[in-house]
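Asker: any chance you can model this:
(one chain, ligands or ions: 1)
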Amino acid sequence: MNVVVVGGGMVGASAAVSIAKLGHHVTVIEAGKTVLSEGDWDLRISSIHLRNVEWLKELGTWSNIRAERKFMYTDLAVQTLDGYRLNFSNNDVDALALGAMVENNALQEALWEQFSEHNISVYSETRVEHFDLTDRRVRLSNGEILTYDLLLGADGAQSQVAKAAQIGQRGWDYDMRCMLAIADVEKPLPAATWEIFRSEGPFALLPLNDHLACLIDYRSEQQWQEFTGKNEAVQQSLNNVFEPHIGKHTITQFASFPLRRQRALRYISHDSIALIGDAAHSIHPLAGQGVNLGFADVQELTRQLVEQPLPEALAKYERIRMQENQQMMRAMDAIHVGFRSQHLLPRGLLALGLALVDKVAPLKRELVRKAIGF
Ligand SMILES: Cc1cc2nc3c(=O)[nH]c(=O)nc-3n(C[C@H](O)[C@H](O)[C@H](O)COP(=O)(O)OP(=O)(O)OC[C@H]3O[C@@H](n4cnc5c(N)ncnc54)[C@H](O)[C@@H]3O)c2cc1C
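Answerer: As a prediction, this is how the structure comes out:
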């Protein structure tokens, strides 16, 4: 089978490797330049849960990721507006870790390094100029024409493939921005990630090594806009938020990203097209699930391609993944709204729920297993 993957980000590149391993001929079309992981940690970092770490090992990718751009963490904590704190640990589920922090560029680079090994053709700085969905052909910006049996849209939230296939999208802006910063921290950091909820939005820490962290501060667009062009004020604001929790630290770089929720109304089309990753669903990053869901899409699609002919495989892929992704999107919205609520009733219910989870070991174990993807 000829498979064309539009978009060579983390999800598209992993799909290319996973499907090429089945023996299919795969071509990746990427609009951007070849990504390299160089210099200091890039700000775009993903928390990859344990199940996907295991899958990346099976794929042969994990050992390719630069050692200094991945960091396993063993603990995770969530704290509510009212100071209730729930801690999860690898010991709750008898695992070696809960997951890993990985630089997006390093992960993408590691996947691309596998392309030659699996005879995957790749065109970077190239786009599709024309889609002929009936004859299953695409004309590229370099003039080449490729035929396909399966066309994968892995081209992110503004998916050109979704538009070409006339797949509608539904979504909204959260009217929030997420400020990301890399900080050198004086005191040693445990291998623990945590998130603290406030009425403005949560703030969180991702450990990158024992003296380096990614700091995340979610606030309304308007609040962050007031800081436009005032770099020292941003650093001061981040210091005020994080110093009580991590002590003295120096911020070396920062940038902010708008938050948007979006979902495709269909994941498949023409018995030959499938959307995967952010092209199908882009989700609030507060629980670090976006690329994890994308990797789950790839695993499901690969499984279905092994088990049945293409049209049936695509239909089953859509049925399974759409349901799971939508459940996760609804859960993120509930957390986004519920954990910020100033009303006493939801706050009381939340405190009760957390106390219950903390006291009932099987319930806690089940929650941790869900968080690490099992
Ligand atoms: C602030 C923030 C923090 C996050 N943290 C986490 C986290 O901790 N854990 C987690 O799981 N997720 C996280 N996410 C989500 C995660 O980053 C995304 O879900 C993930 O990057 C999606 O990968 P993708 O490959 O589907 O899409 P993208 O990363 O958007 O990649 C799409 C690729 O397609 C290319 N492309 C676009 N258009 C075209 C075209 N027309 N033709 C050819 N190529 C094209 C792009 O250049 C790009 O390489 C976070 C997101 C944000 C914003």
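Asker: need the contact list for V234.
Answerer: V234 sits next to 179, 227, 254 when contact means CB atoms under 8 Å, 6 or more residues apart in numbering. Backbone N, C-alpha and C define where each C-beta goes, glycine included.
Asker: secondary structure class of the residue in the stretch 101-250 of the chain positioned nearest to the ligand, three-state.
Answerer: Here the stretch 101-250 of the chain gets closest to the ligand at one residue, G156, 2.7 Å apart by CB to the nearest ligand atom. Three-state call for G156 (DSSP: H, G, I helix; E, B strand; the rest coil): coil.
Asker: could you measure from it over to A334?
Answerer: From G156 across to A334, the span is 25 Å (CB to CB, to the nearest Å).
Asker: cool, A213 as well?
Answerer: If you go by CB to CB, the gap between A213 and A334 works out to 27 Å.
Asker: look at these two and report which has more neighbours.
Answerer: A213 (25 against 11; other CB atoms under 10 Å).
Asker: quick check, that one in a strand?
Answerer: Yes. Remark: A213 belongs to a strand, assigned using three-state DSSP.
Asker: what's opposite it in the beta bridge?
Answerer: A183, P207 (DSSP bridges).
Asker: repeat for V5
Answerer: V28, L152.
Asker: my guess is it contacts V17, does it?
Answerer: No. Taking CB atoms under 8 Å as the definition, V5 is not a contact partner of V17, at 10.1 Å.
Asker: those two - which one has more neighbours?
Answerer: Neighbours were counted for V5 and for V17 using other CB under 10 Å; V5 has more, 29 against 25.
Asker: picking that back up, filter the contacts of V234 down to just the ones in strands.
Answerer: Using DSSP state E, the subset of the contacts of V234 located in strands is 179, 254.
Asker: so which of the contacts of V234 would you say is closest to W41?
Answerer: Among the contacts of V234, F254 lies closest to W41 (CB to CB), at 12.3 Å.
Asker: and the closest residue to the closest one other than its chain neighbours, helix, strand or coil?
Answerer: Nearest residue to F254, sequence neighbours excluded (CB to CB, 6 or more residues apart in numbering): A181, at 3.8 Å. Secondary structure assignment for A181 (three-state DSSP): strand.
Asker: what's A181 in contact with, if anything?
Answerer: 43, 214-217, 235, 238, 251, 253-254.
Asker: need the pLDDT of it.
Answerer: Looking at A181, its pLDDT stands at 97.
Asker: what bits of this structure have low per-residue confidence?
Answerer: 336, 338-352 (pLDDT under 70).
Asker: close to the ligand: what parts of it are there?
Answerer: 6-12, 29-32, 46-47, 127, 154-156, 160, 178, 180, 257, 277-278, 285, 288-292, 294 (CB under 6 Å from any ligand atom).
Asker: show me how to select, in ChimeraX, the buried members of those residues.
Answerer: Buried residues among the residues of the chain next to the ligand (16 or more other CB atoms under 10 Å), as a ChimeraX selection:
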select :6,7,8,9,10,11,12,29,30,31,46,47,154,155,156,160,178,180,277,278,285,288,289,290,291,292,294
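Asker: in strands only, show me the residues of the chain next to the ligand.
Answerer: Checking these against DSSP E, those in strands are 6, 29, 46-47, 178, 180, 257.
Asker: mind checking how far the residue of the stretch 101-250 of the chain closest to the ligand is from A279?
Answerer: When G156 is compared with A279 (using CB to CB), they lie 6 Å apart.
Asker: list the helices and strands the helix or strand L205 falls within packs on?
Answerer: According to DSSP states H and E, L205 maps onto strand 203-209. Strand 203-209 sits against strand 45-49, strand 70-73, strand 99-103, strand 192-196, strand 212-220, helix 231-246, with contacts defined as 3 or more CB pairs under 8 Å, 6 or more residues apart in numbering; DSSP states H and E.
Asker: nearest residue to the residue of the stretch 101-250 of the chain closest to the ligand other than its sequence neighbours?
Answerer: D278 (4.7 Å).
Asker: can you pull the contacts of that neighbour?
Answerer: 9, 11, 156-157, 159, 290, 294.
Asker: now the buried members of the contacts of A181.
Answerer: Judged by 16+ other CB under 10 Å, buried ones among the contacts of A181: 43, 214-217, 235, 238, 251, 254.
Asker: how many residues are close by T80?
Answerer: Neighbours of T80 (other CB under 10 Å): 19.
Asker: test my guess that it contacts G353.
Answerer: No. Assessed by CB under 8 Å, T80 is found out of contact with G353, at 9.7 Å.
Asker: what about R263, distance to the ligand?
Answerer: For R263, the distance to the ligand equals 13 Å [CB to the nearest ligand atom, to the nearest Å].
Asker: against T61, how distant is L305?
Answerer: 19 Å.
Asker: go on, E129?
Answerer: In terms of CB to CB, E129 sits 31 Å off from T61.
Asker: more crowded one of the two?
Answerer: Set E129 next to T61 and count neighbours by other CB under 10 Å: T61 wins out with 21 against 11.
Asker: what distance do you get for the more buried one to A274?
Answerer: Counting by CB to CB, the gap from T61 to A274 is 21 Å.
Asker: one more: F374?
Answerer: Counting by CB to CB, the gap from F374 to A274 is 25 Å.
Asker: so which of the two has more stuff around it?
Answerer: A274 (28 against 13).
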